[in-house]
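1. here is my input; please provide its structure:
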Amino acid sequence: MAHQHSSQPRLSPSGYEEDIRAVLAPRLAYFEAVARHEHVTRAAHELGVPQSTLSRAMVRLEQDLGVALFARRGRTVSLTPAGRTFLGSAERALAEVEKAADSVRADADPAAGKVAFGFLHTMGSETVPALIRAFRADHPKVRFQLVQNYGEAMIDRLRAGDLDLCLTSPVPDAPDLVAMRLDEQRLRLVVPDDHRLAGRRRIRLAEAADETFVTLEPGYGLRRITDDLCAEAGFTPRIAFEGEEAETLRGLVAAGLGVALLPPPAVARPGVVELTVTAPRAAREIGVAWLDGHPDTPPVAAFKRFLLSRRGSLLPD
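-> Numbering: from 1, shown residues only. I've put the predicted structure just below:
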């Protein structure tokens, strides 16, 4: 049966993007089913909606677009040239929606879902591989999307939704985050093996007040701790180099560029001596953080429980 289009389409050719989405998105599946069956009744049966509802939806879609998508002969329809063009795009859009739905369902799968996990550079060589290995003993198919970065950058990515959890230091204190202390790591003063202090085992940090330091860049948690410890010891460190990775700093200490406050290495490095700092107490807290109120998928919840169960034993001996 012929029908009359509205003389004033609801959408102009340059209609607002949000209006187009609101009008078209709910009707794409209806349109695709009618186009595929070329029959309103059969399409309505497949979709589980009344035939009258489907017919009205198609008429309204054409009115909103301002073009005829179907040529009608009773309940049988065929696509117009405009309808064939629109069908191609509608099929691609629906395929992308289906792909996205499959992806998020797969990521949330309890047995084989995904955990987006961030961690500090200094946790990457030993701690994080050991954690993942232990977790996957009971969850062998869970997938990890790993991000290695400094603390502030990881907190930014938590807030952006790029990460589910992160291991960081210092443990953040912010109203939009939940953060739990997991362990503590002692820091050492690392000096070249031919340094005047190299024969010592222990040292008060104030004894290094005249030394040149190599440190991480501002914004790194370990840099903040270094600055705070030096201030507590009564001096401001003279900085020779600011880097992005602790083992690079250890290499520069071996080369004689300065001294550094660093966590223990995974493997002992030649050319340096690592001294226990007796005063002030030199340590950093390691914690796990996540967005407050952010719902967890089953794999994320399982990994969070696993991390919290490792409180006090997170770091390798």
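2. switch to C-alpha atoms for all contacts and neighbour counts from now on
-> Will do.
3. now do the contacts for the closest residue in space to residue 108 that isn't next to it in sequence.
-> Excluding its sequence neighbours, the residue lying closest to residue 108 (CA to CA, 6 or more residues apart in numbering) is residue 297, at 5.1 Å. Contacts here follow CA atoms under 8 Å, 6 or more residues apart in numbering; on that basis residue 297 touches 107-110.
4. just among those residues, which is most surrounded?
-> residue 107 (21 neighbours; other CA atoms under 10 Å).
5. tell me which residues touch that residue, please.
-> With CA under 8 Å, 6+ apart, residue 107 has these contacts: 113-115, 297.
6. what separation do you get for it and residue 133?
-> Distance check for residue 107 against residue 133: by CA to CA, to the nearest Å, it reads 19 Å.
7. thinking again about what came up before, reformat the contacts of residue 297 as CSV; add pLDDT.
-> Shown next, in CSV, are the contacts of residue 297 (pLDDT from 0 to 100):
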residue, pLDDT
107, 91
108, 92
109, 93
110, 89
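8. go through the residues you listed and flag which are in strands.
-> With DSSP state E as the criterion, strands contain none of the contacts of residue 297.
9. quick check, residue 312 in contact with residue 285.
-> No. Using CA atoms under 8 Å, residue 312 is not in contact with residue 285; the gap is 10.7 Å.
10. overlap in contacts of the two?
-> Common neighbours of residue 312 and residue 285 (CA under 8 Å, 6+ apart) are 182-184.
11. the strands in the stretch 1-150 of the chain, which residues?
-> Secondary structure of the stretch 1-150 of the chain (DSSP state E, counting those that start in this stretch): strands located at 70-73, 76-79, 114-119, 143-148.
12. for the first one, what is the average pLDDT?
-> What strand 70-73 shows for mean pLDDT is 89.
13. over to stretch 254-269?
-> Here stretch 254-269 scores 94 as its mean pLDDT.
14. can you list the buried residues in it?
-> By neighbour count on 16 or more other CA atoms under 10 Å, the buried set for stretch 254-269 is 254, 256-264.
15. re earlier: out of the contacts of residue 107, the closest to residue 168 would be?
-> residue 115 (16.4 Å; CA to CA).
16. do I have it right that the closest one meets residue 299?
-> Yes. Using CA under 8 Å, residue 115 is in contact with residue 299, at 6.5 Å.
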